[in-house]
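*Asks:* fold the stuff below for me.
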Amino acid sequence: MSTYIMRKGKAKLSDLQDGAASLAGYPGAYLGRVYYVDNINGSSGGDGLSWGSAFSQLSYAVTAAEAYRATLGNIYTRNVIYLAGTGTAYTAVTALPNYCDIIGVGLTPAVMAPGCSYHRRS
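*Replies:* Residues are numbered from 1 along each chain as shown. A predicted model of the protein is given here:
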């Protein structure tokens, strides 16, 4: 997850709406799509564009994020993947997407990997 520093007179909270801050010169500041992954309630046939149609595994969201970025021809399109903490292990992934933030939400994870962030899903 990216860290944004809010500076008085330079930025406002509305700049962070939907996680898409507009930062001049920052590669990937353009928000592409937001994908959702839930290995309990999701499915392999979902489109991953909402919690109601969430993917069942992170690998499906990684593939979708890379495919969407490629169709736009914009190598800097930044996607976001929200991964539901369900208490059930996800299938391991062998590759992570480029220009994509993967954010864990929900149950407190038992182990936090370096570079990962945790947010409680409301």
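*Asks:* which helices and strands sit right next to the one helix or strand N79 maps to?
*Replies:* Mapping N79 onto the secondary structure by DSSP states H and E places it in strand 78-85. If you count contacts as 3 or more Cβ pairs under 8 Å, 6 or more residues apart in numbering; DSSP states H and E, strand 78-85 packs onto strand 31-37, helix 58-72, strand 100-106. To be clear about C-beta, it is placed using only N, CA and C from the backbone, and glycine gets the same treatment.
*Asks:* and the angle from it to helix 58-72?
*Replies:* Orientation check (axes from the mean of the first three to the mean of the last three Cα atoms, to 10 degrees): strand 78-85 against helix 58-72 gives 170 degrees.
*Asks:* and strand 78-85, what's buried?
*Replies:* Neighbour-count burial for strand 78-85, counted by 16 or more other Cβ atoms under 10 Å, picks out 78-85.
*Asks:* need those in TSV with pLDDT and distance to Y35, can you?
*Replies:* Below are those laid out as TSV (pLDDT from 0 to 100; distance: Cβ to Cβ, whole Å):
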residue	pLDDT	distance to Y35
R78	85	12
N79	89	7
V80	90	7
I81	92	5
Y82	91	7
L83	91	9
A84	89	12
G85	83	16
